[in-house]
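Undergrad: coords please:
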Amino acid sequence: MRPADSLLPRPALTSPSLLAATVHSLSDRAASRQDLWRLLTDSYTVDLDAVAAVLPRQEPEPVWLPAKR
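TA: Predicted coordinates for the structure are as follows:
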């Protein structure tokens, strides 16, 4: 359950550069990707699709893709 102060408005991150900077700064404190999502959404109002675009992909590229040059 979230604390009672979670009813207060949270700052919104709408700028991609601010969002990227915030994700980078929170990643130092987060133990895992899930923890990073929790820290971010507990502290800010964000567009989750925009956050997903900023985070690095977790899945490696399939072996059958040609090598990038």
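
Undergrad: contact partners for the residue most central in space within the chain?
TA: Taking Cα atoms, centre = their mean as the criterion, residue 51 is the residue nearest the geometric centre of the chain, at 4.6 Å. Neighbouring residues of residue 51 by Cβ atoms under 8 Å, 6 or more residues apart in numbering: 19, 23, 37, 40. Heads up, the C-betas are built off the backbone N, CA and C, glycines and all.

Undergrad: of the residues you listed, closest to residue 31?
TA: residue 37 (11.9 Å; Cβ to Cβ).

Undergrad: where exactly do the helices run in the protein?
TA: 16-27, 33-43, 48-54 (DSSP state H).

Undergrad: for this protein, what are the low-confidence residue spans?
TA: Within the chain, the segments meeting pLDDT under 70 span 1-6, 56-62, 65-69.

Undergrad: mind doing that once more with 90?
TA: For the chain, the stretches with pLDDT under 90 are 1-20, 22-24, 26-30, 32-34, 36-38, 40-69.

Undergrad: state the distance from residue 46 to residue 52.
TA: Residue 46 is 10 Å from residue 52, where distance means Cβ to Cβ, to the nearest Å.

Undergrad: pick out whichever of those two has more residues nearby.
TA: residue 46 (20 against 10; other Cβ atoms under 10 Å).

Undergrad: list the residues that contact the closest residue to that one other than its chain neighbours.
TA: Using Cβ to Cβ, 6 or more residues apart in numbering and skipping residues adjacent in sequence, the residue nearest residue 46 is residue 13, 5.0 Å away. By Cβ under 8 Å, 6+ apart, residue 13 lies in contact with 19, 22, 44, 45, 46.
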